[in-house]
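1. Please find the sequence and the predicted model below.
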Amino acid sequence: MSEPLRLQNSLSRTKDVFKPLNGREVKWYMCGPTVYDVAHMGHARSYMSFDIVRRVMADYFGYNVTYAMNVTDIDDKIIVRARRNFLVEQYCEQNPDAAQLIRDVSESLAPFRTKMEKEADKDKKAMLQRLLDDASAALEALKQANASASVDVANFSDALLKRARDPLGAWLDFNKGATVNDHSIFAKLTQHVERLFHADMQALNILPADFLTRVSEYVPKVVVFIEKIIANGFAYEADGSVYFDVKRFDEDPSHHYAKLVPEAVGDRAALAEGEGELSSTTGKRSERDFALWKSSKPGEPAWDSPWGQGRPGWHIECSVMCSDILGEKVDIHSGGVDLKFPHHDNEIAQSEACFSHDSWIQYFLHAGHLTIEGCKMSKSLKNFITIQEALAKYSSRQLRLAFLTHSWFATLDYSENVMSEAKTLESFFDNFFHYVKDLIQRQSADARWCVAKPTAAEKELHAKFVEKQAAVHDALCDSINTAAAMQNLREMVSLVNVYSQNVKAAVDIQLISKIESYISRILSIFGLPEPKDDVSQEGKAVVYALSDFRDNVRTTARANKLTNLLEACDKLRNEILPELGISLEDRPDGPALVKFVDKEVLLEERRKEQELQEEKQRKKAEAQRKAQEQQAAKDAKKRIPPSELFRSDPKFTQFDEQGVPTHERDEKGEEKPVSGKQRKKLQKMYDAQAAIYKPE
């Protein structure tokens, strides 16, 4: 009997058998981005991981997945960032002179320093200190430049505006933030960042959501949802805001609060972060209560509600949008592990309070943390790598391979080692696909269908292939363990490689092609479709004819030691064909392996190979230089008479008739005889010099 699919469920903290609410239909809600800044690799960790899980559930297990995701475009972080961006831009447009800029930045640094000194989190404190030091250094540089009549201060002013943006923005926001009330100012930021987010997701080959929702478009439905929670007795209004009554909810026999992380209920820092930096505590009955609706102050976007002008709290939006698209009961809810508490626990509580049942979400899936070279990554700490920065260094396929070789719910360390392994794995599979394509291309259609009687080698390969297929299936049933699945795919390729080396030309092309098709299908399900070339069959025939002709020329040239012909063959392989997107890989036995690869990829590989060769030449030249210097030093030493060997050393004061030191000065400068042990050592050095001495 086949193993059932099990998923790592944060609600039970175990791998639970997956049973959708309605047959093969799966309703899935994904926590989307808060669009106040560009997406980073922590976002990629979550969205790509669940893209893989989603693809496997739909394309391997055959579920009919409806995937909904939100965009948070109303949030305290957005309000603060948009206001500060607007105010700093406005300040720069006023073109303040150096004296004014010095006064304003100096004034802004004082409250920023106070904030740094009060910060309890050591990582955030260190980050604030770096920002403070950077701004202070730029401020001092402008002061010195402004004091000199011969120095143009424009560059120094620009540098200060850039490096003091955080403290200056905070200072301007404190003084003028209440005057920023135009909704378009906040929308300008969110719309811009959302466009960048979707571009990043497309670049990572992440499937778009079936439904995409924005909280700014759901405010009326948020109000209705909150009214129902109030009517059910689990929320209260205070000074224009509405708070969820955690105590009342937790005391209800039908519910309990913090199903995901009950041990974090008293975490004041997490609770405060979940409420946002612009939140007020006025009227709250308990610090555990969280805002469903926030009364807006001047400088904050506002919408009409029965409780006055305000805006939705952070947690409420997901409950409203999720239920509007997917209903009162949902199969899967996913997000990053950092959202467990209080965000997802609050979502669960307010949804149960609204719908009057305790099974809103059946499976809560959380992607693991992402670290950078073993260190914590955080946007608030300004310690992060954007997706675009990662894509400038690695391809989206390489990033996906790195994610596939790690559990989606475990911590992943984004490091040089991990990415190096991903690049190696990419080459490993690519070489296999090229080998099989080359094998098929070189065989006629008739030959491919005229398979010889299977030998023990073919029977063994087929049996192991079936075993590996079962292992891949078991791995995917085990909470979609792509790391184990990838290992089994790798082992399949190795089995084919060993088989091919053992049987040489008499390979069973049908069997190899079947294995290749399976591997290609699984990788495609994972979001790694096999790269396709756009070369026609006629074009390939011409390239193969050219490759075979080159093979014959090389064989003749080697036999007759025709260097010019060999160089021409190398030039064709290394310089001419890569410009056409064609790679030839010479093999010790048989014809060259022909690969049709993207031209830019080949040129990049050639550039890196040239850099590698240049580095080798540089190291070789450096080693030769050092060897020459060492030899020159040895030669110079041979010309020193043994009697003069020690006389240039100022610590020795008296010598015997040979020139061996008999007295020296100690650390206090006082003269003393050389010890007997040291005298023996000096004598040996003298004798060694006498042995190599060669007078000019």
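-> Okay, I see it.

2. and residue 65, that's in a helix?
-> No. Under DSSP: H, G, I helix; E, B strand; the rest coil, residue 65 sits outside any helix and is assigned strand.

3. just checking, it touches residue 58?
-> Yes. Using Cβ atoms under 8 Å, residue 65 is in contact with residue 58, at 4.7 Å. Placement of C-beta: from N, CA and C, glycine included.

4. Tell me the helices and strands packed up against the strand or helix carrying residue 351.
-> In this structure, residue 351 is located in helix 345-355 according to DSSP states H and E. Packed against helix 345-355 by the contact rule (3 or more Cβ pairs under 8 Å, 6 or more residues apart in numbering; DSSP states H and E) you find helix 219-231, strand 241-244, helix 246-251, helix 314-326.

5. what about the nearest residue to residue 439 once chain neighbours are set aside, how many neighbours?
-> With Cβ to Cβ, 6 or more residues apart in numbering as the criterion, residue 439 has its nearest non-adjacent residue at 6.0 Å, and that residue is residue 509. Number of residues near residue 509 (other Cβ atoms under 10 Å) recorded here: 17.

6. on that earlier part again, same list, the helices and strands packed on helix 345-355, but as JSON lines with mean pLDDT and mean neighbour count please.
-> As requested, the helices and strands packed on helix 345-355 are exported to JSON lines (pLDDT from 0 to 100; neighbours: other Cβ atoms under 10 Å):
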{"stretch": "helix 219-231", "mean pLDDT": "98", "mean neighbour count": "18"}
{"stretch": "strand 241-244", "mean pLDDT": "98", "mean neighbour count": "24"}
{"stretch": "helix 246-251", "mean pLDDT": "96", "mean neighbour count": "17"}
{"stretch": "helix 314-326", "mean pLDDT": "97", "mean neighbour count": "24"}
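
7. what's around the closest residue to residue 589 other than its chain neighbours, how many residues?
-> Sequence neighbours aside, residue 504 is the residue nearest to residue 589 in space, at 7.4 Å (criterion: Cβ to Cβ, 6+ apart). Neighbour count for residue 504, taken as other Cβ under 10 Å: 9.

8. Next one: residue 504 from residue 660, what distance?
-> According to Cβ to Cβ, to the nearest Å, residue 504 and residue 660 sit 73 Å apart.

9. for residue 71, same thing?
-> For residue 71, the distance to residue 660 - Cβ to Cβ - is 85 Å.

10. swap in residue 48?
-> Applying Cβ to Cβ to residue 48 and residue 660 gives a distance of 74 Å.

11. Check which residues of the longest helix along the chain are buried.
-> Longest helix in the chain by number of residues, with DSSP state H as the criterion: helix 599-638. Residues of helix 599-638 classed as buried: residue 602 (neighbour count, 16 or more other Cβ atoms under 10 Å).

12. same check, this time on stretch 412-426
-> 412, 414, 418-419, 422, 425-426.

13. Quick one: those as CSV, columns for distance to residue 118 too.
-> Below are the buried residues of stretch 412-426 laid out as CSV (distance: Cβ to Cβ, whole Å):
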residue, distance to residue 118
412, 34
414, 32
418, 37
419, 39
422, 42
425, 48
426, 48
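
14. which among the residues you listed gets closest to residue 160?
-> residue 414 (33.2 Å; Cβ to Cβ).

15. picking that back up, just put the helices and strands packed on helix 345-355 in JSON lines and tack on distance to residue 588.
-> Formatted as JSON lines, those follow (distance: least, Cβ to Cβ, whole Å):
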{"stretch": "helix 219-231", "distance to residue 588": "69"}
{"stretch": "strand 241-244", "distance to residue 588": "72"}
{"stretch": "helix 246-251", "distance to residue 588": "72"}
{"stretch": "helix 314-326", "distance to residue 588": "59"}
